[in-house]
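sequence plus the predicted model coming up.
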Amino acid sequence: MKLTETSLLQSAKLLDTPLFKISTTEFVDPASLTVLSYRRAKAIALAHKLDISDIRDLTSKFWDLQADPILAFDGAAITLLTIQYNLILGTLSMVIGQFCLTELGRGLDIFHMKTTATMLDNGSFDLHTPTSSDAKFMPPTIPILGIPCVAVVFTRLMVNDEYCGNHPFFVTLNDGYSMSRGVSARQLPPQGGSRPVNHSLTSFDHIILPPTALLGSPFMPEDIHHDS
């Protein structure tokens, strides 16, 4: 895929900044390397200046970001940008977005996930992780850089004790400094041979969500493959 001249120029400028010139051999602490990757991801995102319409309509600016050679410079930054733009449609300068689907005990087997969202009498929802094996696995949800973090969290929706399909909810995970009340995250150890990202296990202890947190309809879809 051919990049536009403007995109290439922006990327070339970034490579001349201290943020990209710094040697990673100077870092012995994985946490410091993770912070560096977040800052690089933010710089790349701001250089490309995408907005919601670019992501929704898959414009040339969107594809310029996906094909930018600078992404090969930092594998962790690629991971963060992919989650942010391909899954969450967010902007790193304002909020970090995560996509919580995978569970520790069953991977991507969405039809057997255990995380539940139970509709209460007043229309709000009780978000809960029943056991440790039901924790959301991998999304980097540990507070970092003082930037708030939100997530799309997939759950089994229960209404009047009936299963109504798997539905996503919008959940605030942390304020950039500490986890939200009832949300816990435990950082996973760094993986050998890869750039560190703050991958985590994330659990919910009866978090009460407003009705507006549900992304879509609360009803069981006629076709499970078209579930919201």
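Looks like it arrived, so ask away. Quantities reported herein were computed from a predicted structural model and do not represent experimental measurements.

quick one: contacts for Ile88?
Contact partners of Ile88, counting by CB atoms under 8 Å, 6 or more residues apart in numbering, are Gly97, Gln98, Phe99, Val150, Ala151, Val152. C-beta: built from backbone N, CA, C; applies to glycine.

which parts of the protein are strands?
If DSSP state E is used as the criterion, the strands of the chain fall at 96-100, 116-119, 125-128, 136-137, 149-159, 162-174, 183-187, 200-204, 207-209.

I'd assumed Pro140 was in contact with Asn198.
Yes: in this structure Asn198 lies within contact range of Pro140 using CB atoms under 8 Å: 4.2 Å.

distance of the closest residue to Phe219 other than its chain neighbours relative to Leu157?
Distances taken as CB to CB, 6 or more residues apart in numbering put Cys164 closest to Phe219, at 6.2 Å, once the chain neighbours are dropped. Using CB to CB, to the nearest Å, we find Cys164 at a distance of 5 Å from Leu157.

just Ser217 next, same as before
Distance of Ser217 to Leu157, given as CB to CB: 10 Å.

same deal with Leu215?
Leu215 sits 11 Å away from Leu157, taking CB to CB as the criterion.

quick one on the thing from earlier: quick check: which of the strands of the chain is nearest to Leu65?
When the strands of the chain are compared by CB to CB, strand 96-100 sits nearest Leu65, at 15.4 Å.

for that closest one, name the packing helices and strands.
Here strand 96-100 is seen to pack against strand 149-159 when contacts are counted using 3 or more CB pairs under 8 Å, 6 or more residues apart in numbering; DSSP states H and E.

who does the strand it packs on pair up with?
For strand 149-159, the pairing partners within the sheet under DSSP bridges are strand 96-100 (parallel), strand 116-119 (parallel), strand 162-174 (antiparallel).

how distant is it from the center of its chain?
Centroid separation for strand 149-159 versus its chain: 13 Å, with CA atoms, centre = their mean, to the nearest Å.

what residues are up against the closest residue to Ile70 other than its chain neighbours?
Closest residue to Ile70 in three dimensions, ignoring its sequence neighbours and counting by CB to CB, 6+ apart: Ser11, at 4.3 Å. Contacts here follow CB under 8 Å, 6+ apart; on that basis Ser11 touches Ile44, Ala47, Asp68, Pro69, Ile70.

how near is Ser11 to Gln66?
Separation of Ser11 from Gln66 (CB to CB): 13 Å.

thanks a lot, see you next time.
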